[in-house]
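Chemist: Everything below, folded, please.
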Amino acid sequence: MIIQFEQEIEEAQKEAIISKVKGLKYKPTEVKTQKGDYLIGTGKKDFDIRSIGYMDGIKDIHIVSDDYKLVSKKWKVNPTVIDLGDGIVIEEGGFQIMAGPCSIEGEDQIRKTIAHLKSQGISIMRGGVYKPRSSPYAFRGLGIDGLKLWYELAKEAGMKIITEVMQVSQIAEMDPYVDIYQVGARNTQNFNLLDELGKGTDKPVMIKRGISGTIDELLSSAEYVFSGGNERLLLCERGIRTYEKATRNTMDLNAVAVLKEKTHLPVIADPSHGIGLRNHVEPIALASIMAGADGVIFESHEIPEEAYSDGQQTLNFSESNRLIERMRKTFELRKSF
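Modeler: As a prediction, the model looks like this:
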């Protein structure tokens, strides 16, 4: 069950509710976030919701059978809205585009990318300063100094940034320079990191689906962050590893539609990693929009062949311009249905 407490609940009222939940043979866990105070009750015994719903101090109560409860649509009908400030919002019924290089490489690259994105009306730039690479000898990012430089240049241009955090120790130093944290596919079940992103920051967190992760596992990862105290969450379908060798990953468009049904959180599609081939990023991006994605994140670089990482799946600026135009047309088509 999920109980939402009244904002001005008295401590005695809260203790009485917790005692009642225990009496039903349910384990109570209190969760406090930026937006609310909740009590999660876990158990298997059937009970009449009216036996507790009448109690003083309860704003709302729902029975949620899913293992993931706070991120479930079964209790929160209204979709979560991620407001980044300056009129930049990620929400159901809207469509946000996030674009930029796989890796932040230096000041010149940052300035050129910002100019490119600004010319297309894009307000969120993606990029990596900490890179979890398959090879220890590959470029692994510019680190905190690169993030500080990028943040200042983006701030001057009125842009928000999304970047990956890899470990707990990075959160505190990154926090002043991040608008959205990204949890990459390799860290989707790094539960210590997820816990700390719940407790240690109020910044939005976008969680990518694990390399071979299920939809329910992605939702459970989001539950970790929410239960830690941060309900500013986004989910990202970025393809999964299958037996298919023709593409880097297999983009699971089914997941976009299923996630929209299961959760109130915004759903973002990543076609760059989803297919891993530059020539096929566009059709997968457009298909993701028609499947219901609330936004698309993709990789763009002035000269992909010279990119420090993932050049094979990165669009050049001309290709990026075309994709952005076609994505907006596709979104307008979706709205017309």
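Chemist: Outline the domain layout of this structure.
Modeler: The chain breaks down by automatic domain parsing into domains covering 2-62, 82-335.
Chemist: Please name whichever of the ones you listed is nearest to residue 68.
Modeler: With C-beta to C-beta, the closest approach to residue 68 among these belongs to domain 82-335: 4.2 Å. For the C-beta atoms, the positions are set from N, CA and C on the backbone; glycine is no exception.
Chemist: circling back to that earlier point, for the domains of the chain, state which one has the densest average packing.
Modeler: Using mean count of other C-beta atoms under 10 Å, the stretch among the domains of the chain with the largest mean neighbour count is domain 82-335, at a mean of 19.
Chemist: and the end-to-end length of that domain?
Modeler: 20 Å (C-alpha to C-alpha, to the nearest Å).
Chemist: cool, stretch 269-277 as well?
Modeler: Stretch 269-277 end-to-end distance (C-alpha to C-alpha) = 15 Å.
Chemist: Contact partners for the residue lying closest to residue 55 once chain neighbours are set aside?
Modeler: Spatially, and ignoring its direct neighbours in sequence, residue 55 is nearest to residue 17 (5.5 Å; C-beta to C-beta, 6 or more residues apart in numbering). By C-beta atoms under 8 Å, 6 or more residues apart in numbering, the residues touching residue 17 are 3, 5, 39, 52, 55, 57, 58.
Chemist: so residue 17 sits in a strand?
Modeler: No - counting by DSSP: H, G, I helix; E, B strand; the rest coil, residue 17 is not part of a strand but helix.
Chemist: wait, which of the contacts of residue 17 is closest to residue 310?
Modeler: residue 39 (43.7 Å).
Chemist: Next, the residue lying closest to that closest one once chain neighbours are set aside: phi, psi?
Modeler: Take residue 39 and drop its neighbours on the chain: the residue closest to it by C-beta to C-beta, 6+ apart is residue 3, 4.2 Å away. Note on residue 3: its backbone torsions stand at phi -110, psi 130 [degrees, to the nearest 10].
Chemist: confidence score at the residue nearest to residue 55?
Modeler: Residue 17 is assigned 97 on the pLDDT scale.
Chemist: Next: the one 4 residues further on.
Modeler: As summarised for this prediction, residue 21 has a pLDDT of 95.
Chemist: Can I take it that it is in a helix?
Modeler: Yes - under three-state DSSP, residue 21 sits within a helix.
Chemist: ok, now which ones touch it?
Modeler: Residue 21 touches 1, 3, 28, 39, 41, 52, counting by C-beta under 8 Å, 6+ apart.
Chemist: Just the mean pLDDT for the strand or helix carrying residue 255, thanks.
Modeler: When elements are assigned from DSSP states H and E, residue 255 belongs to helix 253-262. Averaging pLDDT along helix 253-262 yields 98.
Chemist: what sits up against it?
Modeler: So helix 253-262 is contacted by 66, 72-73, 92, 209, 215, 218-219, 235, 237, 265, 267, 269, 284, 287-288, 291-293 (C-beta under 8 Å, 6+ apart).
Chemist: Just the CA coordinates for that helix, please, in CSV.
Modeler: Taking C-alpha atoms only, helix 253-262 is exported to CSV below (Å, rounded to 0.1, in the frame of the first residue of the first chain):
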residue,chain,number,x,y,z
LEU,A,253,10.1,0.2,-28.9
ASN,A,254,7.7,-2.0,-27.0
ALA,A,255,9.2,-0.7,-23.8
VAL,A,256,8.3,2.9,-24.6
ALA,A,257,4.6,2.0,-24.9
VAL,A,258,4.7,-0.3,-21.9
LEU,A,259,6.5,2.2,-19.6
LYS,A,260,3.9,4.8,-20.5
GLU,A,261,1.3,2.5,-19.3
LYS,A,262,3.1,1.3,-16.1
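Chemist: outside of the helix or strand just after it, which residues touch it?
Modeler: Proceeding N to C from helix 253-262, the next assigned helix or strand is strand 267-269, under DSSP H and E. For strand 267-269, contacts defined as C-beta under 8 Å, 6+ apart pick out 90, 96, 98, 206, 234-238, 251, 256, 259-260, 284-285, 288-289, 291-297.
Chemist: Can you name the next helix or strand after strand 267-269?
Modeler: Where DSSP H and E defines the elements, the next helix or strand beyond strand 267-269 is helix 271-275.
Chemist: What is the next helix or strand after that following helix packed up against?
Modeler: Following helix 271-275 in sequence order, the next helix or strand is helix 281-291 (DSSP H and E). Contacts defined by 3 or more C-beta pairs under 8 Å, 6 or more residues apart in numbering; DSSP states H and E place helix 281-291 against helix 253-262, strand 267-269, helix 271-275, strand 295-299, helix 317-335.
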